[in-house]
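Visitor: give me a model of this one.
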Amino acid sequence: MHPARIPVPYWRHRIQMAKAMGLNTVAVYLMWNQLEQQEGVFDFRTGPRDIEAFIRLCQEEEMWVLMRPGPYVCGEWDLGGIPPYLLAHPDIRLRVSSSGDPRYMAAVTRYIGQVAPRLRPLMATNGGPILMVQIENEYGTYGSDSTYLAELLELWRDGGIEGPFYTQDGPAEVQRNRTVVSGGAIGLSGGTAASIDAVHRSFPTVPVFAGEVYPGWLTHWGDSTFQGEGNDISGTLKTCMDRGLSFNIYMVHGGTNFGFTAGANADDSSGNYRPDITSYDYNAPITEQGAATARYTKYRNLIAGYLPSPPPPVPDALPTISRSEGADLLPVPYASLWDNLPAPLPADATVHPRPMETYGQNSGLILYSKQLTGYSGGRLAIRWVHDYATVFLNGLYSGGLYRQTLPAGAAAASNIATANAPLTLRASPAIGTSPRLDILVEGLGRTNFGHALVDRKGILESVTLQNAGPLTGELTGWQVTTLPLDDAYIAALEPRIGRPRRPGLFFRATVQLTEVGDTYIDLSAWTKGVVWVNGHNLGRYWHIGPQRRLYCPAPWLRQDANEVLILDLHQVDPAPISLHSRLTDPAVPQSGFKVMYADSQETARENGAAANAIDGDRSTFWHTAWSAGSPSLPHEIQIDLGARYDLTSFSYLPRQDGSGNGRIGDYEVYVADSTASWGGPVATGTFADTATEKTVNFATSTGRYLRLRVLTEAGGRGPWTSAAGISATGNPSA
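Guide: Now for the predicted structure:
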């Protein structure tokens, strides 16, 4: 578990939860970039940075510690924990020895020089709980320079840390690249008893343990669902316990990527970019909110069978709060980003657009502006947008650009050009012939794994207009404004909105609470942005999902008025929020489902009865009539859920027999208390032409009946519809 991802008042609770599962050690990442946000300025005291306090809590709870201080940790954390200020050097090299890049190693030397004196008295050899210190992290996946690892080892020894030490790698990587340190043990990523045996054969004198056993997995924005749900490590744990082998569960409790700390994945050329969601629940045995799952109980019972005495009782569940109604849950426009711009940077520093790290900015937004005299339309091409831009001409929203692909519906809804394609800019009288071009770029998570770590944010190289008459070519002479959205900026917001229909608005709600508890704020009806509660940055939300709710811990709330502040990059009209006790709602039991109406079903040439869509069997499916008549689209099915529910999502599973016929393209979803009066749809969109299950999240909608209306077939293969599964999530309604 990572103290940086856990609210400080909950540190002891999470440690106690791990102990009650039968574990005896906590493995701890240090996030260098949280401790040294600006070059040479260290903070080991505020908020979750007081790592000494966390280690002392472990000792008070009679738990040992594995210390994993980096300098690189991966961990689905922004830049793998390396400080972004290093990216201000255009030719910087990371994770290399002093001969590879002395600037990097000088920074590492400074970092270890600060950390080592704090860890030294907490080492087990000095009466503390720290058993071992890890050298780097999974370096065998990145390189094979033994000199680099040796230099890191020497830095710790220079700081008075004599070990023991260990390295962490995949079994194949450590055997291929020999990424070990003298006298150090080996932790294996994805380790099992079998892989421990294999690595022992390659390193017969080196202690080996399962350094990361994965009970869940990480999730990216745009994934169809939260990852790792089906993982079960019971077999691995049992084999290790049978043989007396050491293991570390990654993660036993994931926590939350509060603020702008979430990382990202990309391939080695920085393509296929996939930013991580805000939640780091990880489908771990202990949830993001600190609750025990069914797998927690399963693993606890398994481990307890090997212990000389039972593990301590599981701590009481922490209180939660939920609310779905109330005028105070409708935020109102509060301030405009455009009316709260800091002073721009000097003109001589912004002739060409540069990434935010060039200007000493770590995260948030950055604005590039320029007057376009002689404008008549064209195409806006940027090399390169990292990561998400909204574009304005004369203050009017013109569209956006995203570094990677997006679901077709999401891209179309906001006119987003994806995967480095240019954005077409229109001409109109409202824009005029000399508009101000504003490109507002949001930096999402920096790549935290692989060879594309140097992942700067903002505009990396150039902006060009194509087919733009006299303006065709590269644009220079920019006005650049940094917007880190830090605590000082948020605290100084002025409630001014000069143009209320211009996207880039802060919305504010004052939520009254008579009692506090952990909660999740539901943003299903919002588009893309960031949320603060009483000044605490909860992190990013994005309607492409799968995450729709942001965790807000009870210590950040108060009995009375609570300020919820939402910056949405697209919406100009507010939408309701709601409070929930969990990250996701339970599935509505299909045992209560009944088909009320299907406009068509095939029963002559195959079993395509509509009831197949709700029978829980992935091999059967509803298919509209085709052997006679082939009725035209649209098609629909109406389902009685068996009771009234507060629904929050709908899922559709296409047929699973290899055929694409009937896959749903454009759709509408309705929820109502009567099949005679459906009202408007609660969700609309377009499903991709794939066989994977699709989930549609929407604002809480109450009713007993669910209606799916299918407007098109995804691949244009015919006027039919098929569905192997239709399901929903929600809670029983009063």
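
Visitor: per-residue confidence at the nearest residue to residue 661 once chain neighbours are set aside?
Guide: Take residue 661 and drop its neighbours on the chain: the residue closest to it by Cβ to Cβ, 6 or more residues apart in numbering is residue 717, 5.4 Å away. In short, each C-beta sits where N, CA and C put it, glycine included. Per-residue pLDDT puts residue 717 at 96.

Visitor: the stretch 51-200 of the chain: helices as residue ranges?
Guide: 51-60, 102-119, 146-158, 171-177, 193-202 (DSSP state H, counting those that start in this stretch).

Visitor: turn these into a markdown table, including mean neighbour count, distance to residue 603 and mean pLDDT.
Guide: Formatted as a markdown table, the helices of the stretch 51-200 of the chain follow (neighbours: other Cβ atoms under 10 Å; distance: least, Cβ to Cβ, whole Å; pLDDT from 0 to 100):
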| stretch | mean neighbour count | distance to residue 603 | mean pLDDT |
| --- | --- | --- | --- |
| helix 51-60 | 18 | 63 | 98 |
| helix 102-119 | 18 | 68 | 98 |
| helix 146-158 | 18 | 67 | 98 |
| helix 171-177 | 18 | 52 | 96 |
| helix 193-202 | 16 | 50 | 96 |
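
Visitor: which one of the ones you listed lies closest to residue 679?
Guide: Residue 679 lies closest, by Cβ to Cβ, to one member of the helices of the stretch 51-200 of the chain: helix 51-60, at 51.1 Å.

Visitor: angle of that closest one against helix 102-119?
Guide: Interaxial angle of helix 51-60 relative to helix 102-119 (axes from the mean of the first three to the mean of the last three Cα atoms, to 10 degrees): 40 degrees.

Visitor: who does helix 51-60 touch, helix- and strand-wise?
Guide: Contacts defined by 3 or more Cβ pairs under 8 Å, 6 or more residues apart in numbering; DSSP states H and E place helix 51-60 against helix 11-20, strand 25-29, strand 64-68, helix 102-119.

Visitor: can you list contacts of the first one?
Guide: When contacts are defined by Cβ atoms under 8 Å, 6 or more residues apart in numbering, helix 11-20 is touched by residues 1, 3, 6, 26, 53-54, 57-58, 60-63, 252-253, 255, 286, 290, 292, 296, 300, 311-315, 318.

Visitor: which of the residues you listed are buried?
Guide: For the contacts of helix 11-20, a burial check counting by 16 or more other Cβ atoms under 10 Å picks out 1, 3, 6, 26, 54, 57-58, 61, 63, 252-253, 255, 286, 290, 292, 296, 300, 311, 314-315.

Visitor: just give me the neighbour total for residue 274.
Guide: By the criterion of other Cβ atoms under 10 Å, residue 274 has 18 neighbours.

Visitor: quick check: buried residues in the longest strand belonging to the chain?
Guide: Longest strand in the chain, counting residues (DSSP state E): strand 635-653. Buried residues in strand 635-653, counting neighbours by 16+ other Cβ under 10 Å, are found at 635-641, 645-653.

Visitor: taking those, tell me the two that lie furthest apart.
Guide: Top of the distance list for these (Cβ to Cβ): 635 and 646, 27.1 Å.

Visitor: that older thread, got the helices of the stretch 51-200 of the chain as CSV, with distance to residue 697 columns?
Guide: Shown next, in CSV, are the helices of the stretch 51-200 of the chain (distance: least, Cβ to Cβ, whole Å):
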stretch, distance to residue 697
helix 51-60, 35
helix 102-119, 41
helix 146-158, 44
helix 171-177, 38
helix 193-202, 38
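
Visitor: closest to residue 376 out of those helices?
Guide: Nearest to residue 376 among these is helix 102-119 (46.0 Å), distances taken as Cβ to Cβ.

Visitor: what is the closest one packed up against?
Guide: Other helices and strands packing on helix 102-119, by 3+ Cβ pairs under 8 Å, 6+ apart, are helix 32-35, helix 51-60, helix 146-158.

Visitor: apply 7 Å and report the result again.
Guide: With contacts defined as 3 or more Cβ pairs under 7 Å, 6 or more residues apart in numbering; DSSP states H and E, the packing partners of helix 102-119 are helix 146-158.

Visitor: ok now the helix it packs on, how far from the chain's centre?
Guide: 33 Å (Cα atoms, centre = their mean, to the nearest Å).

Visitor: for stretch 338-353, same thing?
Guide: 30 Å.

Visitor: now do stretch 644-661
Guide: Using Cα atoms, centre = their mean, the offset of stretch 644-661 from its chain centre is 24 Å.

Visitor: looking at the buried residues of strand 635-653, spot the one nearest residue 46.
Guide: Closest to residue 46, out of all of the buried residues of strand 635-653 and judged by Cβ to Cβ, is residue 648, at 36.1 Å.

Visitor: who are the contact partners of the closest one?
Guide: By Cβ atoms under 7 Å, 6 or more residues apart in numbering, the residues touching residue 648 are 524, 585, 697, 698, 700, 729, 730.

Visitor: what does residue 686 give?
Guide: Here residue 686 is in contact with 408, 409, 665, 666 (Cβ under 7 Å, 6+ apart).

Visitor: ok, now with 8 Å
Guide: 407, 408, 409, 412, 665, 666, 667, 712, 714.

Visitor: take these and keep only those in helices.
Guide: Using DSSP state H, 408, 409, 412 are the members of those that sit in helices.

Visitor: shouldn't residue 97 be in contact with residue 105?
Guide: Yes - counting by Cβ atoms under 8 Å, residue 97 does reach residue 105; the two are 6.5 Å apart.

Visitor: shared neighbours of the two, anything?
Guide: With Cβ under 8 Å, 6+ apart as the test, residue 97 and residue 105 both reach residue 151.

Visitor: so which strand or helix has residue 275?
Guide: strand 274-275 (DSSP states H and E).

Visitor: in the sheet, which strands lie alongside that strand, parallel or antiparallel?
Guide: Partners of strand 274-275 in the sheet, by DSSP bridges, are strand 264-265 (antiparallel).

Visitor: average pLDDT across the strand it pairs with?
Guide: Strand 264-265 comes out at a mean pLDDT of 98.

Visitor: 7 is where my numbering starts, stick with that
Guide: Will do, 7 is the new start, and the previous item becomes strand 270-271.

Visitor: and the helix or strand bottoming out on mean pLDDT in the chain, C-alpha only, in CSV?
Guide: When each helix and strand of the chain is scored by mean pLDDT, DSSP states H and E, helix 414-419 comes last, with a mean of 87. Provided in CSV are the C-alpha atoms of helix 414-419 (Å, rounded to 0.1, in the frame of the first residue of the first chain):
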residue,chain,number,x,y,z
ALA,A,414,-16.6,7.6,-31.8
GLY,A,415,-19.6,9.0,-29.9
ALA,A,416,-17.4,10.9,-27.5
ALA,A,417,-15.2,12.3,-30.3
ALA,A,418,-18.2,13.4,-32.3
ALA,A,419,-20.1,14.9,-29.4
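
Visitor: helix or strand next in line after it, which one?
Guide: Following helix 414-419 in sequence, per DSSP H and E, is strand 422-424.

Visitor: other SSEs contacting that next one?
Guide: So strand 422-424, by 3+ Cβ pairs under 8 Å, 6+ apart, packs with strand 402-408, helix 414-419.

Visitor: let's see it at 6 Å
Guide: On a contact count with 3 or more Cβ pairs under 6 Å, 6 or more residues apart in numbering; DSSP states H and E, strand 422-424 meets strand 402-408.

Visitor: residues in contact with the strand it packs on?
Guide: Around strand 402-408, the neighbours that count as contacts under Cβ atoms under 6 Å, 6 or more residues apart in numbering are 391, 394-397, 420-424, 429, 431, 509.
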